[in-house]
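Participant: next comes the sequence, and after it the predicted model I'd like to discuss.
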Amino acid sequence: DLRGSWYGASVLESPTSGGRVRVRYDGWTAGWKVPEEEEVIPTRLRPPPPKVAPAELKSLALVGSPLELSHECGWWDVVVEGTAPDPRHPSRTHLRVVSLEYDAHQTVSASKLRPRWSYDPARGWSLSAGGTIYAFDEWRRERASAQPSRNSGSDAARFWSL
């Protein structure tokens, strides 16, 4: 069971008469608990989320903040617990995060994290920052150092969740 995680997938076929969509998972590895291809309900699909610059992520990585961690070819819901020194570079800081779903704790570099995204087909992307939920465009407008998102519409249904 992979609750609380998102994995890349490519849509292979349009919805069937039963309303399901056939997908192939990106980076699939033999032995995983999920098949390489399967049919899913459309509500388990969402487009790839916007890219966020490292400087933007820093403003989101506060203790208690919800983020997503790149782990085992997917993106897992985590919460920031605190900071820890990088064992290889003591002058650098890593973040301690926890998956509340699995009570799994990890210490990782910021490069393995991104905002915890929510997607509504009618409203687009949103994220939580400082205890407030923002529409992504609104949040980005508030940051003077923001970089524009480079998502293209060509990869529209590439992420799914269990």
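Facilitator: Arrived safely, thanks for sending. Keep in mind it's a predicted model, so treat the numbers as computed, not measured. Residues are numbered from 1 along each chain as shown.
Participant: for this protein, name the helix or strand with the lowest mean pLDDT.
Facilitator: The helix or strand of the chain with the poorest confidence is strand 159-161; it has a mean of 36 (mean pLDDT, DSSP states H and E).
Participant: mind checking how far Pro90 is from Val108?
Facilitator: Using C-beta to C-beta, to the nearest Å, one gets 16 Å for the distance from Pro90 to Val108. From N, CA and C alone the C-beta is placed, and that goes for glycine too.
Participant: and for Gly130?
Facilitator: 21 Å.
Participant: the protein: helices as residue ranges?
Facilitator: Secondary structure of the chain (DSSP state H): helices at 54-58, 136-141.
Participant: redo the ones you listed as a markdown table? Include mean neighbour count and distance to Asp120.
Facilitator: Below are those laid out as a markdown table (neighbours: other C-beta atoms under 10 Å; distance: least, C-beta to C-beta, whole Å):
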| stretch | mean neighbour count | distance to Asp120 |
| --- | --- | --- |
| helix 54-58 | 13 | 21 |
| helix 136-141 | 16 | 11 |
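Participant: including distance to Trp125 and mean pLDDT, could these go into a markdown table?
Facilitator: Listed next are those as a markdown table, based on distance: least, C-beta to C-beta, whole Å; pLDDT from 0 to 100:
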| stretch | distance to Trp125 | mean pLDDT |
| --- | --- | --- |
| helix 54-58 | 13 | 82 |
| helix 136-141 | 4 | 85 |
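Participant: between those, which one is nearest to Lys112?
Facilitator: Closest to Lys112 of the helices of the chain, according to C-beta to C-beta: helix 54-58, at 10.6 Å.
Participant: distance to Pro48 for the helices of the chain - can I get that in TSV?
Facilitator: Formatted as TSV, the helices of the chain follow (distance: least, C-beta to C-beta, whole Å):
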stretch	distance to Pro48
helix 54-58	16
helix 136-141	13
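Participant: for Cys73, which of those helices is the nearest?
Facilitator: Taking the helices of the chain one by one with C-beta to C-beta, helix 54-58 is closest: 20.3 Å.
Participant: dig out what Val97 forms beta bridges with.
Facilitator: Val80, Gln106 (DSSP bridges).
Participant: same deal with Leu113?
Facilitator: Residues in a beta bridge with Leu113, per DSSP bridges, are Leu69.
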